[in-house]
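*Asks:* just coords:
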Ligand SMILES: Nc1ncnc2c1ncn2[C@@H]1O[C@H](COP(=O)(O)OP(=O)(O)OP(=O)(O)O)[C@@H](O)[C@H]1O
């Protein structure tokens, strides 16, 4: 949950510019929400603050009983590695490493033991993502395959919340549609919440909750009305 958040940036002349101002933004366990809106409106800033990557100038970021915004960077880093998954627009894989190593990479930097069970989960997730050979080097993969690896990496530690920043924007429309479906379904299977930023209409329509980011403020779309089923007529 984000409360009373403000983030200021400095413009080229050094003047303070308010980039983000959020009164309250809460995400329920297992909920799926997408932030959309014009370029420069503050979507990435909002996502980074929510994910504990950036710290707000004022306000509180709390997930469960952790007040992430009050924690030192090293403590926040550990919380991020253990509790959240993050899918980037440009995958952020290590090209020299194979698929399996990329999926497990953050585990080597955390207190987690990469034991047989975790390795087996990584292999199973790779397969779930349509990557049957986890020994292939990331550097030879197509863009769609790279994003499949990135989604598996974001899910391997069973995070409570998955954040995704424009996860389909660097893919062609057809691949983006497939990867978007895979992301939404794979996250739903784990029961994690999913908070995404996207301009992609096909991805946005898979989210029951849509939030417009306009001039650094969040504006909730009205919830879609339930369809009247044939039987109820
Ligand atoms: N490090 C920074 N220093 C100064 N200004 C910044 C910084 N990061 C972002 N901004 C400014 O804050 C505002 C919000 O940026 P942000 O990247 O969050 O927007 P966005 O909605 O994600 O845009 P896009 O869709 O183009 O990625 C913009 O005016 C941007 O120029």
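*Replies:* Received it, and whenever you're ready, just let me know what you need. From a predicted model like this one, the values you see are computed outputs, not experimental measurements.
*Asks:* what are the ranges of the strands in this protein?
*Replies:* 2-10, 16-25, 32-36, 58-63, 66-67, 84-87, 161-165, 193-197, 209-214, 217-220 (DSSP state E).
*Asks:* Could I get the average pLDDT for stretch 80-93?
*Replies:* Averaging pLDDT along stretch 80-93 gives 93.
*Asks:* re the thing from before, need the strands of the chain in a markdown table (columns: mean neighbour count and distance to the ligand).
*Replies:* For every residue, glycine as well, the C-beta is placed using N, CA and C. Conversion of these to a markdown table gives the following (neighbours: other C-beta atoms under 10 Å; distance: least, C-beta to the nearest ligand atom, whole Å):
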| stretch | mean neighbour count | distance to the ligand |
| --- | --- | --- |
| strand 2-10 | 17 | 3 |
| strand 16-25 | 16 | 4 |
| strand 32-36 | 22 | 8 |
| strand 58-63 | 17 | 16 |
| strand 66-67 | 14 | 23 |
| strand 84-87 | 24 | 15 |
| strand 161-165 | 23 | 8 |
| strand 193-197 | 24 | 6 |
| strand 209-214 | 18 | 6 |
| strand 217-220 | 15 | 12 |
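*Asks:* Same list (these) but as a markdown table, adding distance to residue 102.
*Replies:* A markdown table is the format used below for the strands of the chain (distance: least, C-beta to C-beta, whole Å):
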| stretch | distance to residue 102 |
| --- | --- |
| strand 2-10 | 30 |
| strand 16-25 | 31 |
| strand 32-36 | 25 |
| strand 58-63 | 25 |
| strand 66-67 | 27 |
| strand 84-87 | 13 |
| strand 161-165 | 17 |
| strand 193-197 | 21 |
| strand 209-214 | 30 |
| strand 217-220 | 33 |
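*Asks:* So which residues on this protein come close to the ligand?
*Replies:* 9-10, 19, 39-45, 213 (C-beta under 6 Å from any ligand atom).
*Asks:* can you tell me which two in these are farthest apart?
*Replies:* Within the residues of the chain next to the ligand, 10 and 213 form the most distant pair, 20.3 Å apart (C-beta to C-beta).
*Asks:* dump the residue contacts of the most centrally placed residue in the chain.
*Replies:* Centroid-nearest residue in the chain, with C-alpha atoms, centre = their mean: residue 163, separated by 1.4 Å. Counting by C-beta atoms under 8 Å, 6 or more residues apart in numbering, residue 163 touches 47, 50-51, 84-87, 195-196.
*Asks:* and those, which two are the farthest apart?
*Replies:* Among the contacts of residue 163, 50 and 87 lie farthest apart (C-beta to C-beta), at 13.8 Å.
*Asks:* buried sites along the longest helix along the chain?
*Replies:* In the chain, with assignment by DSSP state H, the single longest helix is helix 173-190. By neighbour count on 16 or more other C-beta atoms under 10 Å, the buried set for helix 173-190 is 175-177, 179-180, 182-184, 186-187, 190.
*Asks:* Please determine how far residue 90 is located from the ligand.
*Replies:* According to C-beta to the nearest ligand atom, to the nearest Å, residue 90 stands 12 Å off from the ligand.
*Asks:* Now that residue. Nearest residue, chain neighbours left out?
*Replies:* residue 170 (5.8 Å; C-beta to C-beta, 6 or more residues apart in numbering).
*Asks:* and what of residue 180?
*Replies:* residue 203 (4.1 Å).
*Asks:* What is the neighbour count of the one you found?
*Replies:* 24 (other C-beta atoms under 10 Å).
*Asks:* ok, it touching residue 173?
*Replies:* No. Using C-beta atoms under 8 Å, residue 203 is not in contact with residue 173; the gap is 10.7 Å.
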